[in-house]
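Enquirer: Requesting a structural model of the entry that follows:
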Amino acid sequence: MNRMKITFLSRSENEVFARNVVAAFALPLEPTLSELSDVKTAVSEAVTNCIVHAYEGDEDWVSIECQTEGNKLHIVVTDSGKGIEDVARALTPFYTTCPGEERSGMGFTIMQTFMNEFHVTSQPGKGTRVEMAKCFGGTAEANAR
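Expert: Sure, this is the predicted structure:
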């Protein structure tokens, strides 16, 4: 088992930093390029949600914690932003709180699709926690989405 934690400001340029740090941390688990791409995409979506929705353009901290367990990578992305009032509704494909912008409302759906495990908890005014896990290699059942 290995662990890491990073904290960075909610600036759009840090989205690339976050996805690459998590990808580098996952390399000892020997992911395929496709598996690594899935992880990078899911992390990008989670961090972008923090930047766009949690802080709405203000700067504050985003935290990512990762842990390996066998062939599985656990990822937790947290913010202390405005939170989500209705998590179930936010998880609905195409739902967006920014309809006037070019937002697809697919961020959570992408995270769910690309990861083996996915869970969101949030409290209005206190922030959001996205927990994801990805299994690398192994059988098709282990990697089923």
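Enquirer: helix/strand/coil for the nearest residue to Met111 once chain neighbours are set aside?
Expert: In space, and not counting its chain neighbours, Met111 is closest to Ala42: 4.6 Å by CB to CB, 6 or more residues apart in numbering. Heads up, the C-betas are built off the backbone N, CA and C, glycines and all. Reducing the assignment at Ala42 to three states with DSSP: H, G, I helix; E, B strand; the rest coil gives helix.
Enquirer: neighbours of Ala42, just the number please.
Expert: 26 (other CB atoms under 10 Å).
Enquirer: List the contacts of it.
Expert: Residues in contact with Ala42 (CB atoms under 8 Å, 6 or more residues apart in numbering) are 75, 110-111, 114-115, 132, 134.
Enquirer: of these, closest to Ala54?
Expert: Met111 (14.8 Å; CB to CB).
Enquirer: Please enumerate the strands of this protein.
Expert: 3-9, 61-69, 72-79, 117-123, 127-135 (DSSP state E).
Enquirer: Need those strands in JSON lines (columns: mean pLDDT, distance to Thr92 and mean neighbour count).
Expert: Formatted as JSON lines, the strands of the chain follow (pLDDT from 0 to 100; distance: least, CB to CB, whole Å; neighbours: other CB atoms under 10 Å):
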{"stretch": "strand 3-9", "mean pLDDT": "98", "distance to Thr92": "29", "mean neighbour count": "12"}
{"stretch": "strand 61-69", "mean pLDDT": "98", "distance to Thr92": "24", "mean neighbour count": "18"}
{"stretch": "strand 72-79", "mean pLDDT": "98", "distance to Thr92": "20", "mean neighbour count": "21"}
{"stretch": "strand 117-123", "mean pLDDT": "96", "distance to Thr92": "12", "mean neighbour count": "16"}
{"stretch": "strand 127-135", "mean pLDDT": "97", "distance to Thr92": "16", "mean neighbour count": "21"}
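Enquirer: Take those strands and write them to a markdown table, including distance to Phe17.
Expert: Converted to a markdown table, the strands of the chain look like this (distance: least, CB to CB, whole Å):
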| stretch | distance to Phe17 |
| --- | --- |
| strand 3-9 | 7 |
| strand 61-69 | 10 |
| strand 72-79 | 13 |
| strand 117-123 | 22 |
| strand 127-135 | 17 |
